[in-house]
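Colleague: just coords:
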Ligand SMILES: C[S@@+](CC[C@H](N)C(=O)[O-])C[C@H]1O[C@@H](n2cnc3c(N)ncnc32)[C@H](O)[C@@H]1O
């Protein structure tokens, strides 16, 4: 059961009533009731700084291009820089893209191109990444770093609403790998357009499925939280895929097309 209340005092009242009912109606001789404080916002960040630091220094090292891109993104986009995937998540994307054997990959949400580089590096030399974003400003930074990373010839940037770009793709299951990391309200639509085009064994990876911990707490009913919560439920029940949700950063779901 999840109980929420606007003020802590009201929550304590709920807790008293529920505890009394449980004690009255429970058949067990002994009843243990655990209470946790409300979880929301940054409270749900999965890692302590110590673990974070340790794991960042224990995956394949970041190269100079990505390191420079992190600095440039911080300088030029200010607070928006937090949207960039972290080094460990980038390494995970490269590994998953490579393991999928994809020749055609799709990315929804490019920003300044960090995750695009990570995905493109996991593709074979003749592989293609269709990269979707609405921002010419942010993706102009991306283009520079794709050149420096030596993957520009593998990336086909499409500027425009990603849903239109995806819907214009042929309906055949030719996508071997997809990464979804754009506006959260459209996540269910992005997933649907991508999953129908995934080849058997193809992977779709979704970022921010925890929504900063807000998906766990029904008190958060913003459009983004409702959409992502609904999609998380859908994927868990979707017989077209097998899936796993991992506590990597803000939550990452990996779904693999089974047929
Ligand atoms: C979280 S950022 C992507 C971060 C990127 N994956 C990285 O690692 O640097 C989200 C991006 O989605 C883009 N975006 C937002 N709405 C969009 C839409 N309707 N279609 C395509 N891109 C969109 C934004 O312009 C932004 O660059």
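Modeller: Yep, that arrived. No experiment lies behind these values; they were computed from the predicted model shown. Numbering: from 1, shown residues only.
Colleague: ok, now which ones touch the spatially most central residue of the chain?
Modeller: Geometric centre of the chain, nearest residue: residue 207, 0.4 Å, by Cα atoms, centre = their mean. Taking Cβ atoms under 8 Å, 6 or more residues apart in numbering as the criterion, residue 207 is in contact with 85, 89, 109, 179-181, 249-252. C-beta: built from backbone N, CA, C; applies to glycine.
Colleague: 6 Å instead?
Modeller: Applying Cβ atoms under 6 Å, 6 or more residues apart in numbering, we find residue 207 in contact with 181, 252.
Colleague: Quick check: residues of this protein near the ligand?
Modeller: 83-85, 109-112, 114-115, 132-135, 138, 161-162, 181-183 (Cβ under 6 Å from any ligand atom).
Colleague: Where helices are concerned, which of these count?
Modeller: 114-115, 138, 162 (DSSP state H).
Colleague: In the protein, where's the longest strand?
Modeller: strand 198-207 (DSSP state E).
Colleague: List the buried residues for that one?
Modeller: 198-199, 202-207 (16 or more other Cβ atoms under 10 Å).
Colleague: Secondary structure of residue 12: a strand, I assume?
Modeller: No - read with DSSP: H, G, I helix; E, B strand; the rest coil, residue 12 is helix and lies in no strand.
Colleague: Look up how far residue 120 lies from it.
Modeller: As judged by Cβ to Cβ, to the nearest Å, residue 12 and residue 120 stand 53 Å apart.
Colleague: and the residues of the chain next to the ligand, which are buried?
Modeller: For the residues of the chain next to the ligand, buried by 16+ other Cβ under 10 Å: 83-85, 109-112, 114-115, 132-135, 138, 162, 181-183.
Colleague: Chain neighbours aside, what residue packs nearest to residue 174?
Modeller: residue 104 (5.5 Å; Cβ to Cβ, 6 or more residues apart in numbering).
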